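*Asks:* Give me coordinates for this.
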Amino acid sequence: MSTSTSAAITHDATPLTATEILLELVDEQGRTIGTAEKLSAHQAPGRLHRAFSVFLFDTEGRMLLQQRALGKYHSPGVWSNTCCGHPYPGETPFAAAARRTAEELGAAPVRLQAAGTVTYNHPDEATGLVEKEYNHLFVGFAAADQAPDPDEVAAVRLVTAAELAELRASTAFSVWFGTVLDAALPAVRELVPGAGW
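*Replies:* Residues are numbered from 1 along each chain as shown. Just a heads-up that it's a prediction; the model follows:
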């Protein structure tokens, strides 16, 4: 979810493509059972793999959304949560979530905490790919300023709950957004009580 085929992630200063990045395959309990190349794990029928989703808020309780860059191989141009992606094999989901948020937005979270997990299987008709994920959820507070990487993020936007509802009624969102949002809402409400979430 989080890395385009021209990814800026490097090992020994060599850019990796989506077919070279390895993901952790997991069973239904989230136990690692192997690895697979990123693109192959997302091709139908999909292979269950570890992922993460981050929801960051400002001090007023508004959610920071990102519009995925148009050049991404998966779900380009749609709106989604603050950050999402996949840990490297052996990397903790928390470390991956913090790392990718900083890489994509140009600013690390001010605060980040675990908010549970959710498993889903969502085909994406627009790309023909499948999101079959064991997803670790995180909530927290965003830095006051971001400098998004244009290869990853086309735009960012802070929204209230009401503004998000209006946006979802009129604009395309990632196929996983509704599922991860619903699963994260209890933690969101604890993090930003009184914000209407």
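*Asks:* okay, now Ala44: neighbour count?
*Replies:* Ala44 has 10 neighbouring residues, counting by other CB atoms under 10 Å. Glycine gets a C-beta too; all of them are placed from N, C-alpha and C.
*Asks:* For it, give me its contacts.
*Replies:* The neighbours of Ala44, taking CB atoms under 8 Å, 6 or more residues apart in numbering as the test, are Pro123, Gly128, Leu129, Val130.
*Asks:* Closest one of those to Thr101?
*Replies:* The shortest distance between Thr101 and any of the contacts of Ala44, using CB to CB, involves Leu129 and amounts to 22.7 Å.
*Asks:* Can you select the buried ones among the contacts of Ala44 for me in PyMOL?
*Replies:* When burial is assessed using 16 or more other CB atoms under 10 Å, the buried subset of those is captured in PyMOL by this command:
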select buried, resi 129+130
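*Asks:* Just the contacts of Ala44: which are in strands?
*Replies:* Secondary structure from DSSP state E places Pro123, Leu129, Val130 of these in strands.
*Asks:* Adding distance to Glu190 and pLDDT, write those out as JSON lines.
*Replies:* Formatted as JSON lines, the entries for the ones in strands among the contacts of Ala44 read as follows, by distance: CB to CB, whole Å; pLDDT from 0 to 100:
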{"residue": "Pro123", "distance to Glu190": "32", "pLDDT": "93"}
{"residue": "Leu129", "distance to Glu190": "33", "pLDDT": "91"}
{"residue": "Val130", "distance to Glu190": "32", "pLDDT": "94"}
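*Asks:* what's the closest of these to Glu166?
*Replies:* Of all the ones in strands among the contacts of Ala44, the one sitting nearest Glu166 is Pro123; the distance, using CB to CB, is 26.4 Å.
*Asks:* quick one, what contacts the residue lying closest to that closest one once chain neighbours are set aside?
*Replies:* Nearest residue to Pro123, sequence neighbours excluded (CB to CB, 6 or more residues apart in numbering): Val130, at 5.1 Å. For Val130, the contact set (CB under 8 Å, 6+ apart) comprises His42, Gln43, Ala44, Pro45, Gly46, Asn121, His122, Pro123, Asp124.
*Asks:* mind running it again at 6 Å?
*Replies:* His42, Ala44, Gly46, Pro123 (CB atoms under 6 Å, 6 or more residues apart in numbering).
*Asks:* And Leu129, how close does it get to Gly85?
*Replies:* Going from Leu129 to Gly85 by CB to CB, to the nearest Å gives 15 Å.
*Asks:* now do Lys72
*Replies:* According to CB to CB, Lys72 stands 11 Å off from Gly85.
*Asks:* buried ones in the helix ranked longest in the chain?
*Replies:* Counting residues, the longest helix found in the chain (DSSP state H) is helix 177-191. Taking 16+ other CB under 10 Å as the neighbour-count basis, helix 177-191 is seen to contain the buried residues Phe177, Thr179, Val180, Leu181, Ala183, Ala184, Leu185, Ala187, Val188, Leu191.
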